[in-house]
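J.: Output the structure for:
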Amino acid sequence: MKHDLIDALLALQGRREAEAFLADICTPREVRALSERWAVAQLLDAGELSYREIALRAPASTATVVRVARFLKEMPHKGYRRVLDRLRSAKR
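T.: Numbering: from 1, shown residues only. Now for the predicted structure:
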């Protein structure tokens, strides 16, 4: 099942298709939660703010900030790290 979802994500072509797919597959609350986590990851990666400041700016709970920080730094998946690095490289 998870592999089918991953295949569906990989089939998306562009921002418009991704937005439409997210609108169909997720509730507005789920999209907001994913967006918050991604904002937290970007702010953590910038390294300029405290966890509390990130929580206010994202906006997200401090628990979310801690959880994302743990995944960004310690977890073996390296999903956040990989995408952050790729986006940074694409901007150069």
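
J.: Go ahead and measure how far the strand or helix carrying residue 83 is from the middle of the chain.
T.: In this assignment (DSSP states H and E), residue 83 forms part of helix 79-91. Put simply, helix 79-91 sits 11 Å off its chain's centre (CA atoms, centre = their mean, to the nearest Å).

J.: before we move on, what about stretch 28-40?
T.: Using CA atoms, centre = their mean, the offset of stretch 28-40 from its chain centre is 7 Å.

J.: One more: stretch 4-16?
T.: How far stretch 4-16 lies from its chain's middle: 16 Å, per CA atoms, centre = their mean.

J.: Begin at 59, not 1, for the rest of this chat.
T.: Yep, numbering from 59; the last one is stretch 62-74 now.

J.: helices or strands up against the helix holding residue 141?
T.: Packed against helix 137-149 by the contact rule (3 or more CB pairs under 8 Å, 6 or more residues apart in numbering; DSSP states H and E) you find helix 86-104, helix 120-131. All C-beta atoms are positioned from the backbone trio N, CA, C, and that covers glycine.

J.: Quick one: list the elements packing against the longest one.
T.: Contacting helix 86-104 under the criterion 3+ CB pairs under 8 Å, 6+ apart are the following elements: helix 73-83, helix 109-115, helix 120-131, helix 137-149.
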